[in-house]
Every structure is written in C-alpha cells, then in structure tokens.
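> Predicted model follows, preceded by the sequence.
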Amino acid sequence: QVQLVESGGGLVQAGGSLRLSCAASGRTVSTYAMGWFRQAPGEERTFVAAISWSGDRTYYADSVKGRFTISRDNTKNTVYLQIFSVKPEDTAVYYCAAKYSSRYSDTVGGYDYWGQGTQVTVSS
C-alpha cells in the first residue's frame, strides 16, 4: 500500500505561483510513475501532469503546458507540481496519484493510489 498526502494548496492571486507537494509513505515510490490531476466543482477529475518513475520523462495536459512543472525527488519520496502564472480557471482540488509502472498515464483509471487532494483557489 502507498499513502499519498498532498500539501501546498491555498488561496493565491492570479498571476502568482505556488508549489504543491505529494509525500508518499508505505512504500518507496521510486518504481512508480506519478501523476497530478485536478477537479473543479461540478466537473470531472482531469489529468494535469505526469512523470516517469525515474523522472526523466514528463507529460502535461495542453491546458497547462508552459505554466506547470512536475518533478520528483525519490530520495524524499516526494513529487512536486510547480504552478506559475496561476489563473482563476486553475481553481480546483489537486490530487496526486501513483501508478506501479515505469510508464505514466493520463487517465484516472490508470493509477493505483490516490491522495485526498489539496484545494487551490485563485482569486482574480
């Protein structure tokens, strides 16, 4: 079992930046691909970014390319999502997910473990 705990969310002004963290416990996630998803009120959970187990490959949703950066530190069992130039439409609950594979996925069903989420609210 892998437990994932997200942190770093909060209220931020449009144009600002923030970094979300996802701390894993239970097992080392160095052999897991990791992903970030988000869910806005009344909407489905959607893919944001993913990173391979080694961190050498990343993948982003078109809507966030150039503004979001996913990274990981396997020595700390932690994955990060850096968000730059936040927009009101980035307001959502952000979820971290782990997939027991070297290959990442951009679908909700492609992941084995999920965190509880962290709220990001962007004010205009």
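That came through, no problem.
> ok, whichever strand or helix holds Ala98: who's next to it in the sheet?
Taking DSSP states H and E as the criterion, Ala98 maps to strand 92-99. Strand 92-99 has these partner strands in its sheet, going by DSSP bridges: strand 33-39 (antiparallel), strand 113-114 (antiparallel), strand 118-123 (antiparallel).
> most packed of the ones you listed?
When neighbours are counted by mean count of other Cβ atoms under 10 Å, the highest per-stretch mean among the strands paired with strand 92-99 falls to strand 33-39, a mean of 25. Where you see a C-beta, it was placed from the backbone N, CA and C, and this is true even at glycine.
> Show me what counts as buried in the next helix or strand after it.
The C-terminal neighbour of strand 33-39 among helices and strands, as given by DSSP H and E, is strand 46-51. For strand 46-51, burial by neighbour count (16 or more other Cβ atoms under 10 Å) applies to Phe47, Val48, Ala49, Ala50, Ile51.
> okay, which residue is most central for this structure?
Closest residue to the average C-alpha location of the chain: Trp36 at 2.5 Å, with Cα atoms, centre = their mean.
> How confident was the prediction at that residue?
At Trp36, the pLDDT value in this model is 98.
> Enumerate every residue touching it.
Listed by Cβ atoms under 8 Å, 6 or more residues apart in numbering, the contact set of Trp36 reads 20, 22, 48-50, 68, 70, 79, 81, 94-97.
> Now with 10 Å, please.
Taking Cβ atoms under 10 Å, 6 or more residues apart in numbering, we find Trp36 in contact with 6, 20, 22, 47-51, 60-61, 64, 68, 70, 79-81, 83, 94-97, 115.
> same deal with Gly66?
Per Cβ under 10 Å, 6+ apart, neighbours of Gly66: Tyr60, Phe84, Ser85.
> Mind listing what's buried along stretch 48-61?
For stretch 48-61, by 16+ other Cβ under 10 Å, it's Val48, Ala49, Ala50, Ile51, Ser52, Trp53, Tyr59, Tyr60, Ala61.
> Turn those residues into TSV, including distance to Gly16.
Formatted as TSV, the buried residues of stretch 48-61 follow (distance: Cβ to Cβ, whole Å):
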residue	distance to Gly16
Val48	18
Ala49	19
Ala50	24
Ile51	23
Ser52	29
Trp53	31
Tyr59	25
Tyr60	20
Ala61	20
